[in-house]
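Enquirer: sequence and predicted structure below; questions after.
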Amino acid sequence: MSPEHTRHTPIPGEPTAAPAPSAPSARPPAADADGLGRPHAAAGGRERRRDTTLSELFEAQARKTPDAPALTWHGGRWSYAELRLRAHRAAHRLRERGVREGEAVALLVPRSPEAVAAVLGVLHAGAVFLPVDPSHPATRVRHVLGDASVRHVVAGADVPDALLHGRQRHAPADLAHEWPPAPVDARRRAPEDPAYIIYTSGSTGRPKGVVCTHRGLLRVAVDTPELRPDPGDRVLATTNPTFDVSCWELFGTLLNGACLHLADTGTLLSTDALAELLEERRITTMWLSAGLFHQHARARPGMFAPLRRLVAGGDTLNPSAVRAVLRHGRPGRFLNGYGPTENTVFSTVHRIERLAADAASVPIGRPVAGTVAHVVGPDGEPAAPGERGELWLGGDGVAAGYLGDAEKTARHFVPDRFAGAGGPAGSRLYRTGDVVSLREDGVLEFHGRRDRQVKLRGYRVELDEVEAALTEHPEVTGAAVGVIGEGAGRRLAAVVTTDTPAGHAGHAEQTEHAEHAGRAGRAGRAEQGERTEQAGRAEQAGPAEEARRAGRAEGGALPDRVRAYARDTLPAHMVPARLAVAGELPLTSSGKTDRRRLLHLLERQDDRRAGRDSGPAPAGRDERRTAAVWRRALDVDEVPADADFFALGGTSLRATQVAAAVRRLFGLPPERGRELVRALLDDPTLESFTRRVREMEAEGHTAGPGAQPAVDFAREAAPPDLPRLGALAAGGPRTPRTVFLTGATGFLGVHLIDQLVRRGVRRVHCLVRAGGEAQAMSRLASRMRRHGVDPAALAGRVTALPGDLARPRLGLGEEAWDRLAAEADHIVHAGAHVNFAYPYAALAPANVGGTRAVLELAAHVRVKPVHHVSTIGVLAGFGTAGERQVTERTPLAHPERLSMGYPETKWVAERMVAAAGGRGLPTTIHRPHEITGTSDRGVWNTDTMMCALLRTLAETGTAPGVELPLDFVPVDHVAAVIGHVVTREEPDGRVLHLTNPRPARLSSAVERLRHRGYPVRTVPYEDWVAAVDALAAEDPGHPMAPYLPLLVETARGSALPVLRTYEADTFPAVDRTHAERAAAAGSLTCPPVDAALLDLYLGRLAEIGYLPPPPD
């Protein structure tokens, strides 16, 4: 750091204001009585903001208590006066030897009194201290010294000259030489100037230097009462100097008149030795990293009781270890300290006084002094209380940035646009990447890291959630979960520790592979008005205590018991496929669990096992024929009978290709293609897959050609037995006072709420999948805010009813069902489980059963009109049947040609509604095309295939040479038309085609992408599919990956892939007579799909970071 930059926080060469890639609205939500709008931020108060530096406060304290002990160690003690003198000597020596104001001075010294004096001396000389661990690999040390442009190094004689590479060495003992006798004036620094640099491990493996300021450290060392030691306290230094908590230990002690005791590492690692030291030295305050805390808390949980203050953190705290400490006498203050280095040591702190028996995690609490915390959703909008989002931190703790890395600084440190929520104007926020939620009482809950969220087989998996579940097993004391393998063969792996002798026995060989149940349909997205949980969770899972008892009672090895417990408490896709028992979890130098090392050991063990046993050879002609297909598709030399298709490198696309090849090889009818894919996903071993092929072969030959589809659509579409509607009371007024809405938390649903209220509806009852009313309301408010609707404006007009489309009576109790039937004047049924890979049977409970329940509700107590939101996709079968025109009066037909479970269920549901209408129930059916972002701001639900397609065009630089329609209908227009029909027109059985009168083609989107700087070229369809396949192989979590089967799987009754049946020359033309009349009556105009609308959408997707920036 050169002198010219010593008075400013920004790093040399970096922008003073970094552009935010996903900036939230600056308007905080208002609070209201209904809970629809609540603050998304929490702020920490303080006595005053200190306009001073670390050096100045130490000087003041040393003058105030010169004779008080400042440092103690085994066999020694320095008073404040003695430490101050040595610091002054060090400052003088450093200045004398050319240390410049503002430059970084590296300290390659272990924890010692001389190291403390050197730190204070560096600051007194006006420089910046940079701790470097001398035990680190030489390559890392050299990188750090070079990256920070270090010229001066404080290092002992044990550090070789070659490591310093010509830099000037300062021996710690030499710095404390007894000269000069008089104090040395400190170089004046500003509170916002850099004080120290901490190098943390980067995601790429390259360490990154975080530059922290005087003011940032002062807010935790002095200004936060919970963390501030009192004069006379004895603080134990437990932390490696390269870990930022050591700065709090040092300055929290020395700036408050306390005494810091330096202990050797061996003592800190031994529970008995540490307990003895705490008692002998009468330690009052101590920090322990999570790993060490868990180790000591399990061995001697009562050893912390005499402490005035115990702070633990640095990683997720294990609730069982915390409970053990609480049971055996908690310290005066038992604190969970959380904070990234980029926000200076601690950002939040939680005082632990009790922890519920079923709590799966420990809160991280409230912000420390001078800190503001924002919970931000994935679209950059504020998250509601209880809703998970990324934690953005602001205030005085925000670091200056990453040393010498302007690009990374700009990505992670963004302008503060929440100024009204506590942050001063012009300040910045640090995007932590941590997932949290804000409770109603202002306490933050930690849910893991965004980069600890992985996607496997189309499912999102929170690794921290899996770890938390495993540690709830009574025999498990710790767990580390990660992903091993490559490509589509990636799978969950877990290592657990135990303190039971039986668990330790033979742990090195106790490994298990989980069943692959629940894989079918893992591609795609699931919404029931919002994202739903995927299939696989045990519906009757009991309380945690029952599961614990079941775990104890179950026999077999510990991995068997843990895996059985996991199956009872986790969805199938979150049960580790690989589980091993270890004696202990290794720790990193900062005290965190070394997951990378553990997973590497598991992978090596898998490699060894694969080398010992290649598996049984395929048995019989059929297995050998199937194995030959697998070998060609997967490009492998050998396929044992017990081989896992995905472990061999299989992908969704290859699964479709294998299914097609096997179907042809065994002479199976075309409609078996999708069933073969599902069979491969359900149980992907060669022998199981071949067995299912043989069964299909027998079934196919028995049924003969032209066998009927498995689903009897006509029978499925039969409406429920409805009472004589004429005997029931008629519905309410033409403009309903009360409306019951399903799908309320979906993208269309939140805009329907807005439109219904705008048009005079006094109360909207919303079905929300949630565990209770408070959670339902919180989730609903969050979805509204996320999708561009202000919940505060609808206060008092919206009610959230916890329920579930897939359950009888929509998951409502009898009393709630009866009350709703009596109160509702109209029903708007917009909810559905959306997934483009699930079969009909998996989606029917919500989409067909839910519609049947809605019709039953409509005829219960009194007649209520039903406005059913279907999809234009129910007409896809007409196109492959050769019918070129479909009117709004054309009866539904050709469900057997739809080729996907989702439109099949929507076809059945719509047909059921129409049949109920024929029996006298007032109905209206709405068939929207592609529902897109709002027409004013472009706020769009990015969990759609269309958004994934636009992103894929930008990322691959290729577009298919086909005429896919862009029949975009902005969500606010769709909601406005439906809202108008519900409140102003008679429900007379009409169907409305909500399509755009002026659509576009895919080529228009390609042209607008090019206009924005994306070099997209048009290629043959097959080449584009290959590019998408390559993209998905490189990034299995890519949003387009789940839709790969639609790009290649042939539609029933057609030679085209499913996606291409929606092309303009195949999909039937639809008229809009009823829809146009309704829009005209409501003075509503749908904007054309032109350059302006496309630019609006692309701009919004780029603004929130969904689209990558165009190449330079």
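Expert: Good, I have the coordinates.
Enquirer: and the strands in the stretch 101-250 of the chain?
Expert: In the stretch 101-250 of the chain, the strands defined using DSSP state E, counting those that start in this stretch lie at 104-108, 128-131, 152-155, 168-170, 194-200, 208-213, 234-237.
Enquirer: ok, the stretch 601-750 of the chain next?
Expert: 738-742.
Enquirer: what's the answer for the stretch 351-500 of the chain, then?
Expert: Using DSSP E, counting those that start in this stretch, strands in the stretch 351-500 of the chain cover 366-367, 371-376, 389-395, 401-402, 413-415, 428-438, 444-449, 453-456, 459-462, 478-484, 491-497.
Enquirer: name the residues of the longest one that are buried.
Expert: Across strand 428-438, burial judged by 16 or more other Cβ atoms under 10 Å covers 428-432, 434-438. For glycine as for every other residue, the C-beta is placed from the backbone atoms N, C-alpha and C.
Enquirer: max pairwise distance over these: which two?
Expert: 428 and 437 (23.3 Å; Cβ to Cβ).
Enquirer: list the buried residues for stretch 85-103?
Expert: Quick answer for stretch 85-103 (16+ other Cβ under 10 Å): 85-95, 99-103.
Enquirer: could you do stretch 764-784 as well?
Expert: Applying a neighbour-count criterion of 16+ other Cβ under 10 Å, one finds 764-770, 775-784 buried in stretch 764-784.
Enquirer: from these, which land in helices?
Expert: Those of the buried residues of stretch 764-784 mapping onto helices are 775-784, per DSSP state H.
Enquirer: what two of those are the furthest from one another?
Expert: Between all members of those, the farthest pair (by Cβ to Cβ) comes out as 775 and 784, at 14.9 Å.
Enquirer: spatially central residue for the protein, please.
Expert: Centroid-nearest residue in the chain: residue 450, 4.4 Å away (criterion: Cα atoms, centre = their mean).
Enquirer: could I get the strands of the stretch 101-250 of the chain as TSV with mean neighbour count and mean pLDDT?
Expert: Shown next, in TSV, are these (neighbours: other Cβ atoms under 10 Å; pLDDT from 0 to 100):
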stretch	mean neighbour count	mean pLDDT
strand 104-108	26	97
strand 128-131	26	98
strand 152-155	25	96
strand 168-170	18	94
strand 194-200	24	94
strand 208-213	24	95
strand 234-237	22	98
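Enquirer: before we move on, the earlier item: pretty sure the residue nearest to the centre of the chain is touching residue 435, no?
Expert: Yes. Residue 450 lies in contact with residue 435 (Cβ atoms under 8 Å); the separation is 5.9 Å.
Enquirer: tell me, what's touching those two both at once?
Expert: residue 390 (Cβ atoms under 8 Å, 6 or more residues apart in numbering).
Enquirer: least confident secondary structure element in the chain?
Expert: The helix or strand of the chain with the lowest confidence, counting by mean pLDDT, DSSP states H and E, is strand 512-513 at a mean of 28.
Enquirer: looking at the strands of the stretch 101-250 of the chain, which is closest to residue 406?
Expert: Nearest of these (Cβ to Cβ): strand 208-213, 12.4 Å.
Enquirer: elements contacting the closest one?
Expert: strand 194-200, strand 401-402 (3 or more Cβ pairs under 8 Å, 6 or more residues apart in numbering; DSSP states H and E).
Enquirer: who touches the first one?
Expert: Going back to what we said before, that points to strand 194-200. Contacts of strand 194-200 (Cβ under 8 Å, 6+ apart): 1, 9, 53-54, 102, 104, 123, 128-132, 144, 147-148, 207-214, 216-217, 242-244, 247, 341, 400, 403.
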